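Student: Got a sequence here, can you model it:
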Amino acid sequence: MTAAEFSFMHGTQLDEIYRQSSPGPMPDGDARGTALIWTGAWAARPITWVVRRIFWQGKIFDRAGGTLLNKVTPIGLHAIKATVYEGQSWLDGAGSIILDYSRTSIIAWFVRDEIREVAAGLYLGQAYIGKMRFIRFALEFVS
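Tutor: Reported below is the predicted structural model:
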């Protein structure tokens, strides 16, 4: 399973994969991000390409510090900090790794992400504004 394959799947399939997965180990290091927008549609891959080139390239996790920074802008600026901890998923109530921006970001204080490991080094995530899910994403850790 790869993040690229997720673009071809429908949202219900991604939700089922997420529900069947466990949180996995707390992430550490550099993760390549893939925004999963309009998955299953012909436009999913071009949208993913544009988002990665212009807006968001992934996240850098600091397990020891319990935080992360997003890689944003075309130059991959390290910004938009979140606190990382284990908690309950808003999707199904089961365990997830929570990426909480409420106390660390002036820009994204209203955003909460959650992720689960779906394959070795591959995490599937849900991003929420308030309590409304607005996007899915994948994170791939390469050694």
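
Student: all contacts plus neighbour counts: C-alpha atoms, from now on.
Tutor: Will do.

Student: For the residue of the chain most remote from its centre, give me its contacts.
Tutor: Note on the chain: the largest C-alpha distance from the chain mean falls to W42, namely 21.7 Å (C-alpha atoms, centre = their mean). For W42, no residue meets the contact criterion (C-alpha atoms under 8 Å, 6 or more residues apart in numbering).

Student: oh, and call the first residue 336 from now on, that's how I've got it
Tutor: Okay, using 336 as the starting number, the last item reads as W377.

Student: tell me which element it is part of?
Tutor: Under DSSP states H and E, no helix or strand contains W377.

Student: Check Q461 too.
Tutor: With secondary structure defined by DSSP H and E, Q461 is part of strand 457-464.

Student: Return the list of strands paired to that strand, each annotated with direction.
Tutor: Here the strand partners of strand 457-464, with direction, are listed using DSSP bridges: strand 446-454 (antiparallel), strand 467-476 (antiparallel).

Student: right, and the ones you listed - which one's nearest I372?
Tutor: Using C-alpha to C-alpha as the criterion, the shortest distance between I372 and these is 6.6 Å, found for strand 467-476.

Student: contact partners of the closest one?
Tutor: Residues external to strand 467-476 that are found in contact with it (C-alpha under 8 Å, 6+ apart): 338, 364-372, 393-394, 456-463.

Student: Look up which residues are beta-bridged to A370.
Tutor: Beta bridges link A370 to F472 when assigned by DSSP bridges.

Student: Pretty sure F396 sits against G364.
Tutor: Yes - F396 lies in contact with G364 (C-alpha atoms under 8 Å); the separation is 4.9 Å.
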